[in-house]
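Student: Okay, structure incoming, though there's no sequence with it:
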């Protein structure tokens with residue numbers, strides 16, 4: 001039996017400040033995982049989350 005493909009998928013959110021700024025406080029990139037409904041949210045998600053490397057709230061974008 002084949003498993004049904006659900007509407008919810010797991011995505012990864014990555015900090016945009018850490019990715020673009022080479023001279024930051026500490027090495028590394030802040031990443032979060034969450035789920036989204038692919039039928040309701042077809043585009044890429046953007047959320048403001050806390051980045052431990054930037055030590056502030058920054059925009060985190062969905063990556064593949």
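Tutor: Happy to help now that I have it. None of these values were measured; they are calculated from a predicted model. Residues are numbered from 1 along each chain as shown.

Student: Provide the secondary structure category for residue 17.
Tutor: Of the three states, residue 17 takes helix according to DSSP: H, G, I helix; E, B strand; the rest coil.

Student: ok, and the closest non-adjacent residue to it?
Tutor: Once flanking residues are discounted, residue 17 sits nearest to residue 58: 4.6 Å by CB to CB, 6 or more residues apart in numbering. Just so you know, the C-beta spots here come from the backbone N, C-alpha and C atoms, and that holds for glycine as well.

Student: Tell me how many other residues crowd that neighbour.
Tutor: Residue neighbour count, defined by other CB atoms under 10 Å, stands at 16 for residue 58.

Student: Which stretches in the chain count as strands?
Tutor: 8-15, 31-37, 46-51, 56-63 (DSSP state E).

Student: Grab the nearest non-local neighbour of the most centrally placed residue in the chain.
Tutor: Centroid-nearest residue in the chain, with CA atoms, centre = their mean: residue 13, separated by 0.5 Å. Nearest residue to residue 13 in three dimensions, chain neighbours excluded: residue 60, at 3.9 Å (CB to CB, 6+ apart).

Student: For the one you found, name its beta-bridge partners.
Tutor: Under DSSP bridges, the beta-bridge partners of residue 60 are residue 15, residue 47.

Student: Confidence-wise, which helix or strand of this structure is lowest on average?
Tutor: helix 16-20 (a mean of 82; mean pLDDT, DSSP states H and E).

Student: What's the separation between the residue nearest to residue 13 and residue 41?
Tutor: Noted for residue 60: a distance of 15 Å to residue 41, by CB to CB, to the nearest Å.

Student: more crowded one of the two?
Tutor: Using other CB under 10 Å as the criterion, residue 60 and residue 41 rank with residue 60 on top: 24 against 12.

Student: confidence score at that one?
Tutor: At residue 60, the predicted lDDT confidence score is 94.
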